[in-house]
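A.B. asks: here is my input, please return the structure:
(chains A and B)
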Amino acid sequence: MTARGRDGALARRMLIGLAVVVAGIVLGMPLAIVLVEAFARGPAAYLAALADQDTLDAIRLTVLVALCSVTVTTVFGVAAAWCIARFDFRGRSLLLTVIDLPFSVSPVIAGLVQVLLFGRRGWLGPFLETYDIRIVFALPGIVLATVFVTLPFVARELIPLMQEQGAEEEEAALSLGASGWQTFWRVTLPNIRFALLTGVLLANARAMGEFGAVSVVSGHIRGATNTMPLQVEILFNDYQIEAAFAVASVLALLALVTLGLKLALERHQSGTHANEERPT
Amino acid sequence: MAHATSPAAFGRPRRVIPGLGLSFTITTGTLAVLVLLPLAAMVAMSLSKGVPAFVAALADRRVLAAFRVTIVSALAAAIISAIFGLLLAWVLTRYRFPGRRFIDAAVDLPFALPTAVAGIALTALYAPNGWIGALLVPLGISVAFTPLGIGVALVFVGLPFVVRAVQPILEDLPADEEEAARLLGATRMQIFLRVIMPACAPALVTGFTMAFARGLGEYGSVIFIAGNKPMLSEIVPLLIVIQLDQYNYTGAAAIGTAMLLVSFAMLMVINRLQAWAAAR
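C.D. replies: Okay, here's the model as predicted:
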């Protein structure tokens, strides 16, 4: 080996070392401290913190909100991908930009607009009060704010894939006499199922973990309008640090499961692609 | 692949693929009702007391200070994210070492981890008695409850944008250009500056801009660690929440509208950059 080669090996080692340190400090330590703090007083205290009635209510509400908003996001995502990837029309690229819009808007604004529309002094406030309909500081507002921030997730996964796949298989099914819906259920859906699952997974993670948007519309009513991230905030501000981290650890676990499943889905997807491309 | 989007498909008397009407209606209807109308209502609300009131709401000293704090810390964090992100992307694509796949997967953690969880984790880490904070106390550096803390939170949030933007470019970079430069006697530094940097500069700038845009609107990970001192470490999204708590809807709407304008400007910059990168 020449002096230069040794020099290269040294630079390589230093760069790898530096990257590991950066990843450890920026990514590893925040995750580690959540688990350490959550179990600071032992497993019994951890379980007791999770079994708290307010926390259980928060978990139930979080699941309910995610269920509602992910349903909307999924239907929207499939419809958006269908019309953008299968048709050409004027304003198509504008529509693409608008679909991505929620990504570039602060989550606090996603909550703010709900209050401005449906709040007591909002545009529709007097109307809603007359009919005794509660949206802000109640479930509908939380769902609306969550839908706002999660809306692009499924569409984002499906559009590039469906554009790449093209419409040949669907056209073949239609020309053989299948109806539009038959084609969708039997041809399109099986082709996009992994990307669809990935999108649903990411939308669900964001919906369950959303803080800014939900914080503005929730009103922080314990046992009624608190989602898990809000419960984390309340416990943390109450100096119930272990309890806050206990709830946070459940959300961290959700994040890890989401990442793991996403990796598995991606590997599966590239696997099936490789199989299709292989000549038989 | 190009079939569905070819001009021929556009001019056909009868479309082969059905469902344009339904999918287009669902897509645009959802966007209009859940995203565009609420945002329009916010803009209308911000101007409901006239333009002078709108300007006055923004010209407030505390609001201007919050904009300065938010923009400066988002910018600084995006620069650090760009440096760390380039390092991680380089090491992950160029070197094989134990734990590489693990770090590669961990890069997505900030996308999946709820912001409130990141917020309390970073606060616990960088508090004066925290794992990292305790090491910084002898150096006279305090991170938690100062503007530095905002930067730390935004680096966590922004890092994956840069890594995921640069990584594919480095993976596709043809090795023969580097090889040719090396054979012509270029030093490692020259190769990096003249061959590698020009190739990944557009992606790096895109990642930087996305990290910056995300940092401007970030709320959950910041408010726990920032300390939220008016004029010093208060971010713009928090001001919206404060205005809403005081039932000052027009003030909150004015700040939200200003943020939206900044977001639009960022979106245009990102689009330009992507067009510029695609043209290269």
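A.B. asks: where in the stretch 51-200 of chain A is pLDDT low?
C.D. replies: Scanning the stretch 51-200 of chain A for pLDDT under 70 picks out nothing.
A.B. asks: nearest to chain B: which residue in it?
C.D. replies: Proximity to chain B, evaluated over the stretch 51-200 of chain A using C-beta to the nearest C-beta, is greatest for A:S106 at 2.9 Å. From N, CA and C alone the C-beta is placed, and that goes for glycine too.
A.B. asks: same check, this time on the stretch 151-280 of chain A
C.D. replies: For the stretch 151-280 of chain A, C-beta to the nearest C-beta, closest residue to chain B: A:G209, 2.8 Å.
A.B. asks: give the contact list for that residue.
C.D. replies: Applying C-beta atoms under 8 Å, 6 or more residues apart in numbering or on different chains, we find A:G209 in contact with A:228-229, A:251, A:254-255, B:112-117.
A.B. asks: for the chain, longest helix please?
C.D. replies: Unless you meant another one, I'm taking chain A. Once chain A is assigned using DSSP state H, the helix that runs over the most residues is helix A:241-277.
A.B. asks: try again with chain B
C.D. replies: Per DSSP H, chain B has its longest helix at helix B:61-94.
A.B. asks: right, is stretch B:96-111 up against chain A?
C.D. replies: Yes. Using C-beta under 8 Å from any C-beta of the partner chain, stretch B:96-111 reaches chain A at B:97, B:99, B:103, B:105-111.
A.B. asks: quick check: PyMOL command selecting the buried ones in these.
C.D. replies: Burial among the residues of stretch B:96-111 next to chain A is assessed by 16 or more other C-beta atoms under 10 Å in any protein chain shown; the matching PyMOL selection reads:
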select buried, chain B and resi 103+106+107+108+109+110+111
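A.B. asks: can you lay out the residues of stretch B:96-111 next to chain A as a markdown table showing pLDDT?
C.D. replies: Converted to a markdown table, those look like this (pLDDT from 0 to 100):
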| residue | pLDDT |
| --- | --- |
| B:F97 | 92 |
| B:G99 | 91 |
| B:I103 | 95 |
| B:A105 | 93 |
| B:A106 | 94 |
| B:V107 | 96 |
| B:D108 | 95 |
| B:L109 | 95 |
| B:P110 | 95 |
| B:F111 | 93 |
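A.B. asks: which one of the residues of stretch B:96-111 next to chain A is nearest A:R86?
C.D. replies: Set against A:R86, the nearest of the residues of stretch B:96-111 next to chain A by C-beta to C-beta is B:F111 (28.5 Å).
A.B. asks: can you tell me the element the closest one falls in?
C.D. replies: helix B:109-112 (DSSP states H and E).
A.B. asks: please apply the same query to B:A144.
C.D. replies: Secondary structure assigned from DSSP H and E places B:A144 in neither a helix nor a strand.
A.B. asks: thinking the residue of the stretch 51-200 of chain A closest to chain B is in contact with A:V216, fair?
C.D. replies: No. In this structure A:S106 lies outside contact range of A:V216 using C-beta atoms under 8 Å: 10.3 Å.
A.B. asks: can you pull the buried residues of the longest helix of chain A?
C.D. replies: Neighbour counts over helix A:241-277 (16+ other C-beta under 10 Å) mark A:241-252, A:254-256, A:258-259, A:262, A:265, A:269 as buried.
A.B. asks: then stretch A:184-195?
C.D. replies: In stretch A:184-195, counting by 16+ other C-beta under 10 Å, buried: A:184, A:187-188, A:191-192, A:194-195.
A.B. asks: among those residues, which two are most distant?
C.D. replies: The widest separation within the buried residues of stretch A:184-195 (C-beta to C-beta) is 16.7 Å, between A:F184 and A:F194.
A.B. asks: tell me which other helices or strands whichever strand or helix holds A:L174 touches.
C.D. replies: Secondary structure assigned from DSSP H and E places A:L174 in helix A:168-175. Other elements packing on helix A:168-175 under the criterion 3 or more C-beta pairs under 8 Å, 6 or more residues apart in numbering or on different chains; DSSP states H and E are helix A:180-183.
A.B. asks: export the helix it packs on as PDB, just CAs?
C.D. replies: What follows is helix A:180-183 as a C-alpha-only set of coordinates in PDB (Å, rounded to 0.1, in the frame of the first residue of the first chain):
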ATOM      1  CA  GLY A 180     -64.500   0.000 -14.100                       C
ATOM      2  CA  TRP A 181     -65.000  -1.200 -10.500                       C
ATOM      3  CA  GLN A 182     -64.000  -4.800 -11.300                       C
ATOM      4  CA  THR A 183     -60.800  -3.400 -12.900                       C
END
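A.B. asks: can you give me how far it is from the chain middle?
C.D. replies: With C-alpha atoms, centre = their mean, to the nearest Å as the basis, helix A:180-183 stands 29 Å off its chain's centre.
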